[in-house]
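> What shape does this take:
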Amino acid sequence: MDDLLTALDKVLAERKTASPDSSYVAALNAEGLNKILEKVGEEATEVILAAKDTAESGDPEALVNEVADLWFHTMVMLAHLDLDHTDVLNVLDARMGLSGLAEKAARKGHNAVSEDA
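Purely as a prediction, here's the structure:
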């Protein structure tokens, strides 16, 4: 699956500077970060609603589709900011094996240091 994410990262990076008329991703990038963030927010809301529907109906199809939309738009956001999925995977990899509470405490300590600097 990493090949799929890598291929998608490449397409998103290419379309970042493409003509807005050439693709949906190029048009989003041309509209700027705020438009991309608006789409991420919309998709996050749709995921929440679909999760509630899935809990009631037991049918995960809509939820999985909405999560795919959220991941896609999040990847567009990352590409717009010159990041990609590997940046996120590296953070997740570093967190593996840590308890959630220990990881959260470590982040708080890091944030406190960076705020004072």
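> what about stretch 97-116, average pLDDT?
Taken as a whole, stretch 97-116 has a mean pLDDT of 63.
> show me where the chain has helices.
For the chain, the helices defined by DSSP state H occupy 2-16, 24-31, 33-57, 61-80, 85-95, 100-116.
> Next, the residues that contact the fourth one from outside, please.
Contact with helix 61-80 is made by 5, 8-9, 12-13, 16, 25, 28-29, 33, 36-37, 39-40, 43-44, 46-47, 49-51, 53-54, 84-85, 87-88, as judged by C-beta atoms under 8 Å, 6 or more residues apart in numbering. C-beta: built from backbone N, CA, C; applies to glycine.
> got the angle for that helix vs helix 24-31?
50 degrees (axes from the mean of the first three to the mean of the last three C-alpha atoms, to 10 degrees).
> cool, the fifth one as well?
Helix 85-95 and helix 24-31 are oriented at 90 degrees to each other (the same axes, to 10 degrees).
> ok, and for helix 85-95, which residues are buried?
Across helix 85-95, burial judged by 16 or more other C-beta atoms under 10 Å covers His85.
> who's in contact with it?
Counting by C-beta under 8 Å, 6+ apart, 5-6, 8-9, 75, 78, 103 sit against helix 85-95.
> One more pass at 10 Å, please.
For helix 85-95, contacts defined as C-beta atoms under 10 Å, 6 or more residues apart in numbering pick out 2, 4-6, 8-9, 12, 71, 74-75, 78-79, 81, 102-103, 106-107.
> filter the residues you listed to the buried ones?
The buried subset of those - by 16+ other C-beta under 10 Å - is 5, 8-9, 12, 74-75, 78-79.
> Adding pLDDT and distance to Ala62, write those out as a markdown table.
Listed next are the buried ones among the contacts of helix 85-95 as a markdown table, based on pLDDT from 0 to 100; distance: C-beta to C-beta, whole Å:
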| residue | pLDDT | distance to Ala62 |
| --- | --- | --- |
| Leu5 | 96 | 23 |
| Leu8 | 97 | 22 |
| Asp9 | 97 | 26 |
| Leu12 | 98 | 24 |
| Thr74 | 99 | 19 |
| Met75 | 98 | 20 |
| Leu78 | 98 | 25 |
| Ala79 | 98 | 26 |
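> For Gly41, see how far away the residue nearest the centre of the chain is.
What sits nearest the mean C-alpha location of the chain, by C-alpha atoms, centre = their mean, is Thr74, with 2.7 Å. Between Thr74 and Gly41 the distance is 11 Å, computed by C-beta to C-beta, to the nearest Å.
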